[in-house]
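Engineer: Build the 3D model from these lines:
(one chain, ligands or ions: 1)
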Amino acid sequence: MKFFVDTADIHEIEELAATGLIDGVTTNPSLIAKSGKEFVPLIKDICKIVNGPVSAEVAATDFETMRKEAEVLRNIANNVTIKVPLTPAGLKLCKLLSHDDTKVNVTLCFSAAQAILAAKAGAAFVSPFVGRLDDISMNGMQLIEDIVKIYKNYPAYKTEVLVASIRSPMHITQAAKMGAQVITAPPSVIQQLFKHPLTDQGLAAFVEDWNKSGQTILKD
Ligand code: G3P
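Structural biologist: Residues are numbered from 1 along each chain as shown. Now for the predicted structure:
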């Protein structure tokens, strides 16, 4: 399973990239606005930190303007993935870019039917938003199970399921059990994955016992 971090905060990206466990980055217009940084130079900086796919989203909603924006974004670096909304114009652009060997992440997916359209449009990734479905009392993870199952029925579909809008480590383990290829999560949720109280307790006991033994592994 690939791990993307869902943030435009360069320091958080650097910290997590240093673990060697991060395979890519996703951003969206809200995260860019929150960063307070200028979009294109920021994406350029992120692409230098992470070698894997870095999703940069078009801001326009009409096809022609989206196409021009995508051209600017894909010239930033080789690892930029163009993020487009799941609309007729977004999918038209997805098809065009995918034919041209550009990776596209189709975002704002909330149904299995929409995910089929994204696959037909040649998307490299489809981003179903599980947390936002949960927020309105729908079952976000059920959508992931459905999409994974449908894509398995059609091996010609090359689209990877990128589970987005993740709220907790449970979403990630459930996505892994279902066979989703990628998750993107906020840094705070990825940090939570490391934690278990028994790990902390166990380590504290090992350190204490080791100190009592008076031994050292590293000799001068
Ligand atoms: O990047 C898209 C997605 O992960 C947004 O998540 O928490 O705003 O629903 P959220």
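
Engineer: What is the three-state secondary structure of the spatially most central residue of the chain?
Structural biologist: What sits nearest the mean C-alpha location of the chain, by C-alpha atoms, centre = their mean, is residue 184, with 2.9 Å. Secondary structure state of residue 184, per DSSP: H, G, I helix; E, B strand; the rest coil, is strand.

Engineer: neighbours around the nearest residue to it once chain neighbours are set aside, how many?
Structural biologist: Using C-beta to C-beta, 6 or more residues apart in numbering and skipping residues adjacent in sequence, the residue nearest residue 184 is residue 4, 3.9 Å away. To be clear about C-beta, it is placed using only N, CA and C from the backbone, and glycine gets the same treatment. The local packing of residue 4 (other C-beta atoms under 10 Å) involves 27 other residues.

Engineer: Please identify the residues of the chain in proximity to the ligand?
Structural biologist: Residues of the chain lying close to the ligand by C-beta under 6 Å from any ligand atom are 6, 26, 28, 129, 131, 132, 164, 165, 184.

Engineer: For PyMOL, write the selection for the buried entries among these.
Structural biologist: Those of those that count as buried under 16 or more other C-beta atoms under 10 Å are selected in PyMOL with:
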select buried, resi 6+26+28+129+131+164+165+184
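
Engineer: which pair in the residues of the chain next to the ligand spans the largest distance?
Structural biologist: 26 and 132 (14.6 Å; C-beta to C-beta).

Engineer: Doesn't the residue nearest to residue 184 lie inside a helix?
Structural biologist: No - when classified by three-state DSSP, residue 4 is found to be strand rather than part of a helix.

Engineer: how about it, what does it touch?
Structural biologist: Taking C-beta atoms under 8 Å, 6 or more residues apart in numbering, we find residue 4 in contact with 22-26, 52-53, 55, 162, 182-185.

Engineer: Ok, residue 25 next?
Structural biologist: Listed by C-beta under 8 Å, 6+ apart, the contact partners of residue 25 are 4, 5, 6, 7, 13, 46, 50, 52, 53, 54, 55.

Engineer: And residue 114, by the same measure?
Structural biologist: Counting by C-beta under 8 Å, 6+ apart, residue 114 touches 86, 126.

Engineer: and the strand or helix carrying it, which residues are buried?
Structural biologist: In this assignment (DSSP states H and E), residue 114 forms part of helix 112-120. For helix 112-120, the neighbour count (16+ other C-beta under 10 Å) marks 112, 114, 115, 116, 117, 118, 119 as buried.

Engineer: right, and the helix or strand after that helix?
Structural biologist: Using DSSP H and E, the helix or strand that directly follows helix 112-120 along the chain is strand 125-128.

Engineer: tally of neighbours for residue 72?
Structural biologist: Neighbours of residue 72 (other C-beta under 10 Å): 13.

Engineer: do residue 42 as well
Structural biologist: 20.

Engineer: what are the phi and psi angles of it?
Structural biologist: Backbone dihedrals for residue 42, given as degrees, to the nearest 10, come out at phi -70, psi -50.

Engineer: Next: residue 141.
Structural biologist: phi -70, psi -30.

Engineer: Which of the helices or strands spans the closest residue to it other than its chain neighbours?
Structural biologist: Leaving aside its chain neighbours, residue 141 sits nearest to residue 174 (5.0 Å; criterion: C-beta to C-beta, 6+ apart). Secondary-structure assignment from DSSP H and E places residue 174 in helix 169-178.
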